[in-house]
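Participant: A predicted structure for the sequence below; I have some questions about it.
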Amino acid sequence: MTSGIYSLIFADTYVYIGKSINIENRWKQHLDKMSAGKAAKNVQDAFNKYGMPKASIVVECHPDHIDILETITIEHNKHHSLLNSAGTTEVSKLDADLIVKNGNLITKSTADHIREILNLRNIVSEQASTLEEYNRKGMVIPKDIAVTRTKVTELEAELQTAANAVRYWKAEAQKSWWQRLFS
């Protein structure tokens, strides 16, 4: 059972992008519908004209990230003859680039990401406390801790970015698919 984004490619030209938490089962559903003449119009027309599509997994991901990855994949494949008829929600270029460049992000659940953010917050807090103690006692800060001061600043910035992203996606998750489609 594979969770992620898949494609159906007809005649090496016409592409349908889909998502599923069980891609193998979803392919079977597509095949059954196409064989019965009941697939979505664009897919059915391509099947009737070109026959069986090539099916492939584009990217595996945690189910929490399926919607955004489908949007990114459709956007990335707009230069092809897409058979998708439904619109997708917009994903900023910055968010899409972040996800593409950090592929490990999509393998974890939102809860795992939150745990990592909380752990990072604890590390930053501990390092900041150590620096405060050195400053309070008027001690010379060793080189390794001076490097830590810079790292604390960087980690705080990362933490803020991650916290902002979690707030944004939490708000998005509260919207219905209809609201997301037209927002």
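Facilitator: Structure received.

Participant: Please verify my assumption that residue 4 contacts residue 59.
Facilitator: Yes - at 5.2 Å, residue 4 and residue 59 qualify as touching, with contact defined as C-beta atoms under 8 Å. C-betas here are computed from N, CA, C, even on glycine.

Participant: shared neighbours of the two, which are they?
Facilitator: Overlap of the contact sets of residue 4 and residue 59 (by C-beta atoms under 8 Å, 6 or more residues apart in numbering) consists of residue 69.

Participant: the more surrounded of these two?
Facilitator: residue 4 (22 against 18; other C-beta atoms under 10 Å).

Participant: those strands in this structure, which residues are they?
Facilitator: Taking DSSP state E, the strands of the chain run over residues 4-10, 14-20, 54-60, 81-82.

Participant: Residue 120 contacts residue 158, correct?
Facilitator: Yes - taking C-beta under 8 Å as the definition, residue 120 is a contact partner of residue 158 at 7.0 Å.

Participant: Between the two, tell me which one has more neighbours.
Facilitator: The neighbour comparison of residue 120 against residue 158 (other C-beta under 10 Å) goes to residue 120, with 16 against 13.

Participant: Could you measure from the residue nearest to residue 98 when sequence neighbours are not counted over to residue 15?
Facilitator: Nearest-residue entry for residue 98: residue 105, 7.7 Å, with adjacent residues in sequence omitted and distances by C-beta to C-beta, 6 or more residues apart in numbering. Separation of residue 105 from residue 15 (C-beta to C-beta, to the nearest Å): 25 Å.

Participant: When those two are compared, which one has more neighbours?
Facilitator: Set side by side, residue 105 and residue 15 show more neighbours around residue 15, with 23 against 17, by other C-beta under 10 Å.

Participant: The residue nearest to residue 98: what's it in contact with?
Facilitator: By C-beta under 8 Å, 6+ apart, residue 105 lies in contact with 65, 98, 99, 113.

Participant: among those, which ones are buried?
Facilitator: 65, 99, 113 (16 or more other C-beta atoms under 10 Å).

Participant: Quickly note the distance from the last one to residue 122.
Facilitator: Read it as residue 113. According to C-beta to C-beta, residue 113 stands 15 Å off from residue 122.

Participant: Lowest-confidence member of the buried ones among the contacts of residue 105, which is it?
Facilitator: Looking at the buried ones among the contacts of residue 105 by pLDDT, the weakest one is residue 99, with 72.

Participant: Could I get the contacting residues of that one?
Facilitator: Residue 99 makes contact with 65, 68, 69, 72, 105, 106, according to C-beta under 8 Å, 6+ apart.

Participant: Leaving out chain neighbours, which residue sits closest to the second one?
Facilitator: When the adjacent residues along the chain are set aside, residue 68 lies closest to residue 91, with 5.9 Å between them (C-beta to C-beta, 6+ apart).
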